[in-house]
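Enquirer: I would like to see how this sequence folds:
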Amino acid sequence: MRTFNTLSDLAGAVGEHLGHSDWIAVEQDMITAFGEVTGDQQWIHSDPARAASGPYGTTVAHGYLILSLLPVLTAQLYEVRGVSATINYGLDRVRFPSPVRVGSRIRVGAEIVSVEPGSGHATQAVVRMTVQVEGVDRPACVADTVRRFVPDAGGANG
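Expert: Numbering: from 1, shown residues only. Below you'll find the predicted structure:
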């Protein structure tokens, strides 16, 4: 876990890779639950029998399910202290180069792409998240996440 004590420390780490999270398994119950919550019941995710004869030979995780796991995986990689809020401001670029087959294990690696002043007193950081599937060369997802860090009211986070 990398700890940044100030926003200046975070800015000084632009270009650095922050390591990798632990591996987590993506099982059918997780895929099914996500499909139920989102209403995405496409057979490639929800019907193991039909998916067995599909393009991947099994069910695969929803791309948005993989994106939804980024916060829990990223929390293992870094924290920024001296802030009153961390706001998910969105995504700049997302690609899904390879599928996540049911039963696969994934992890995320993170690289700080940029850190700049945002609106108000916030500092905006772009962190590139690369989701790897164990034993697969191509990443499952590459996403540039945009976070806004609001310094503590004391303003001593420079």
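Enquirer: from here on, contacts and neighbour counts on C-alpha atoms
Expert: Fine.
Enquirer: Please, where are all the helices along this protein?
Expert: 7-11, 28-38, 43-46, 48-51, 63-68, 70-74 (DSSP state H).
Enquirer: Select, out of those helices, the one closest to residue 118.
Expert: Residue 118 lies closest, by Cα to Cα, to one member of those: helix 7-11, at 12.1 Å.
Enquirer: Return the set of buried residues in the closest one.
Expert: For helix 7-11, a neighbour-count test (16 or more other Cα atoms under 10 Å) marks 7, 10-11 as buried.
Enquirer: Looking at those residues, which is nearest residue 53?
Expert: residue 10 (47.5 Å).
Enquirer: ok, back up a step: please name whichever of the helices of the chain is nearest to residue 121.
Expert: helix 7-11 (11.3 Å).
Enquirer: Report the distance from that closest one to the chain centre.
Expert: 21 Å (Cα atoms, centre = their mean, to the nearest Å).
Enquirer: Please name every helix or strand in contact with that helix.
Expert: Contacting helix 7-11 under the criterion 3 or more Cα pairs under 8 Å, 6 or more residues apart in numbering; DSSP states H and E are the following elements: strand 104-117.
Enquirer: if we can go back for a sec, now mean pLDDT too, for the helices of the chain, in a markdown table please.
Expert: Putting those into a markdown table (pLDDT from 0 to 100) gives the following:
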| stretch | mean pLDDT |
| --- | --- |
| helix 7-11 | 95 |
| helix 28-38 | 98 |
| helix 43-46 | 98 |
| helix 48-51 | 98 |
| helix 63-68 | 98 |
| helix 70-74 | 96 |
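Enquirer: Looking at those, which is nearest to residue 116?
Expert: So among the helices of the chain, helix 7-11 is nearest, using Cα to Cα, at 7.6 Å.
Enquirer: on that earlier part again, nearest to residue 85, of the helices of the chain?
Expert: Using Cα to Cα and comparing the helices of the chain, the one that lies nearest residue 85 is helix 7-11, at 12.4 Å.
Enquirer: quick one: residue 57 and residue 51 touch, right?
Expert: Yes: at 6.0 Å, residue 57 counts as touching residue 51 under the criterion of Cα atoms under 8 Å.
Enquirer: Counting neighbours, go ahead and name the busier of the two.
Expert: Taking other Cα atoms under 10 Å, residue 57 and residue 51 do not tie; residue 51 has more neighbours (18 against 14).
Enquirer: which residues sit in contact with the more buried one?
Expert: 43-45, 57-59 (Cα atoms under 8 Å, 6 or more residues apart in numbering).
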